[in-house]
Every structure is written in structure tokens, then in C-alpha cells.
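Novice: Quick one, fold the following:
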Amino acid sequence: MPGTHNTTTTATGDPLARFAEDVAQSLQQTPRRIAPMYLYDALGSALFEAICQLPWYRITRAEHALLARHAAGILAAAGGVPQIVELGPGSGEKLAHLTTAAREGAVIDVHLVDISDAALDLARRTLQRTGARITLHHGTYEEGLRQALAARRASAPVLVAFLGSNIGNFDPPEAASLLAAIRAALAPGDSLLLGVDLVKPERTLQLAYDDPIGVTASFNLNVLRRMNEELGADFDLARYRHRAVWNAQESRVEMHLVSTRRQDVEIPAAGLRFTMEEGESIWTESSYKFTPERVDALGRTAGFTPGRPWVDAEAGFALTLFTVDATRP
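Specialist: Residues are numbered from 1 along each chain as shown. Down below sits the predicted model:
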């Protein structure tokens, strides 16, 4: 469409080799783990979009509503018409609320960062309809952010959008490190829009991460299928079950794939051969839940100045705009 511009950058290195290397390392840990970013191949991304439509998973709908209601105010607080860098854009529908709000009199520059080509392509097609100029960055959040900021225009501030409570997939030290890296990369006048899921009753969380019709289970099991197809693994998916548990002490939902019997596993591309005992699990994802006070502390510790939050108290979800203060080092 007129005014739409698309370019793509790709992180250096072989993604398949990185996948194999990460699997070789993480599956030898105790407990065994898989990095949650590997849940999102083409099928995994499609399954996650289906999860977002489930009545028990309210994060996406709550965030959509907040963005739709407050898009103009968020943009004004972020400097008017900023350049936007979104880390993990999903379908692009959430960011479209901001790019649409900026359409009057300006075309907005958008940089999308994700390790999933399927997610990037879907978000690109969604955001093209809003007239944004789009650049895709295939790689990790840190790699993509570095590439995006290298192309920044001096005349406009940068807004980094990290939505969907994706920060909750990181353990606290990792989350603190990522936010500090984002802050270090930004300049005075830039900002970070952070979406977080808040602590809520255990039953509500259990239904959100172990839905009655099994979509989340399929999403979780798909990472085994992916290892079979891409790394030559021999996981028997029928011998694993999805388990989601609320760890109140750590304030997180944990997703696991539990072996239903003793079985041997081989992953040739990762150089791995090991035995899964009955009841042993592979830990695939943590989803930390937050209090407003903890969100504020996360931003301050990373060096940001907190702005006003936008909160859906009923759904238990919050957006917070953090800014880079010119008076702070």
C-alpha cells in the first residue's frame, strides 16, 4: 500500500545450529529445560494465537482493550510520534492500536523483532494495513534491538514495546538484565511500554495455562515435534503430558512436559542421548506474575523513570510506560 516500506535484517549465525546448541545444553540441566522461545515456530505461533482466543486466557483481550482505549495518551507520553521497536510482536494486532492512532499526519516507523519468521510475517501483514513503515529483525531481542537502534532517526524518540507479559517468561535475574540492556541502549527522551500480567487467584491461572480443550497442551507438546523434525530427535509425543502448576512462592506458573514412562531419547543434531524416567519432566516455560509494586521496582532498578500505569483491575493486567530521564546517567 502507499507509504508502506518493508525491509528485513537477520541475525548472524545459523539458527538451526543455535537451536541444537541450546538444546544440548539445556536438556542436560537438572531439571531438564527448553528455552521458551523455541515454542514459537510456525505451528507454535499459530497455536499461541489460538490460545489468545480462549475464554480462560484473558491477557491478550485485556491488553487489546487498554491499548485501544489509551493509544493516543501512550503516544503523547512517549513523545508524540515515536519510532517503535516491538520485541516479540505476535500477530501485530496490539501494536496496530498505536500505529493507527498515529496515522493522522504522520507515518510511523516500526521495527519488529522476533526469532520466529512466521510471527514476523504475520505481524508485517497486519501492520501494513495501518500504513506503517516496517522493518523486520529476525533474531533475539538484544540483537534485533541493536539493529533497530542503529537505524534510528535523530528527529524522533524511540518507544520500545514489550507487551503480552513476555517479561514474565524470564527468571528475575534474566528479566532485570534484559531491562537494563534495553535501558542502556536507549537515549534521553526514549521510553519502554511494558505489559505485565498481575497476580490473580490460582484457579484462574490454572485454567489459563491448562485449558479444558487442550490447546495449551498442544502448544507445549509442539516443541517436541519441532525437535523431531528439525534436530532428528525421536520423542514419542504420546508418551508425554502437559502439566501447568502455580508456584506461589516464586509467583510463577510453570509449564512442564512430563514423561509417562521410562524411555530413551536421542537427538542426533544436538549430540544427545539420555533416559527420561517415569514422572520426570522437561520444564518449557515460566510465566511470572507481578504486583504493581514489583513492576515499578523492575523499571527503577533498570534505570528507568516510571510513568503512569494503565490497569485493567478486573482482568489483572497492566501497561506501564517507563521513560529515560535526561537528568539521570
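
Novice: Can you read off the pLDDT for Ala326?
Specialist: Looking at Ala326, its pLDDT reads 64.

Novice: What segments of the stretch 101-250 of the chain are helices?
Specialist: For the stretch 101-250 of the chain, applying DSSP state H, counting those that start in this stretch gives helices covering 117-128, 141-150, 172-185, 202-209, 215-231.

Novice: Could you dump these into TSV and include mean neighbour count and distance to Arg239?
Specialist: To be clear about C-beta, it is placed using only N, CA and C from the backbone, and glycine gets the same treatment. Shown next, in TSV, are those (neighbours: other C-beta atoms under 10 Å; distance: least, C-beta to C-beta, whole Å):
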stretch	mean neighbour count	distance to Arg239
helix 117-128	20	27
helix 141-150	19	34
helix 172-185	16	31
helix 202-209	17	21
helix 215-231	20	10
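
Novice: out of those, nearest to Val324?
Specialist: Each of the helices of the stretch 101-250 of the chain has some distance to Val324 by C-beta to C-beta; the shortest is helix 172-185, at 6.8 Å.

Novice: Pull the residues that contact that closest one.
Specialist: 141-142, 145-146, 149, 160, 162, 167-168, 170, 192, 288, 298-299, 301-304, 324 (C-beta atoms under 8 Å, 6 or more residues apart in numbering).

Novice: Name the nearest residue to Asp22, sequence neighbours excluded.
Specialist: Setting aside the residues directly before and after it, Asp22 is nearest to Ala35 in space (C-beta to C-beta, 6 or more residues apart in numbering), at 5.7 Å.

Novice: I'd like to know how many residues surround that neighbour.
Specialist: 16 (other C-beta atoms under 10 Å).

Novice: how about it, phi and psi?
Specialist: phi -60, psi 130 (degrees, to the nearest 10).

Novice: Glu86 too?
Specialist: According to degrees, to the nearest 10, Glu86 has phi -110, psi 130.

Novice: and it, what are its bridge partners?
Specialist: Under DSSP bridges, the beta-bridge partners of Glu86 are Leu112, Ala161.

Novice: looking at it, it is touching Ala119, isn't it?
Specialist: No. With contact defined as C-beta atoms under 8 Å, Glu86 does not count as touching Ala119 (10.7 Å).

Novice: what's the burial count for the closest residue to Gly79 other than its chain neighbours?
Specialist: Once flanking residues are discounted, Gly79 sits nearest to Pro157: 3.7 Å by C-beta to C-beta, 6+ apart. Residues lying near Pro157 (other C-beta under 10 Å) number 20.

Novice: For Pro157, grab phi and psi.
Specialist: According to degrees, to the nearest 10, Pro157 has phi -70, psi 170.

Novice: give the contact list for it.
Specialist: With contact set as C-beta under 8 Å, 6+ apart, Pro157 has these partners: 78-80, 82-83, 187, 189-191.

Novice: Now the two most distant members of these.
Specialist: Among these, the pair separated by the greatest distance (C-beta to C-beta) is Gly80 and Ala187, at 15.7 Å.

Novice: Write the PyMOL selection for whichever of the contacts of helix 172-185 are buried.
Specialist: Buried residues within these, by 16 or more other C-beta atoms under 10 Å, are selected in PyMOL with:
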select buried, resi 141+142+145+146+149+160+162+167+168+170+192+288+298+299+302+303+304+324
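
Novice: Mark which of the contacts of Pro157 are buried, thanks.
Specialist: 78-79, 82-83, 190-191.

Novice: Redo those residues as a markdown table? Include pLDDT and distance to Glu277.
Specialist: Below are the buried ones among the contacts of Pro157 laid out as a markdown table (pLDDT from 0 to 100; distance: C-beta to C-beta, whole Å):
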| residue | pLDDT | distance to Glu277 |
| --- | --- | --- |
| Ala78 | 90 | 51 |
| Gly79 | 86 | 55 |
| Pro82 | 78 | 51 |
| Gln83 | 92 | 51 |
| Asp190 | 95 | 49 |
| Ser191 | 95 | 48 |
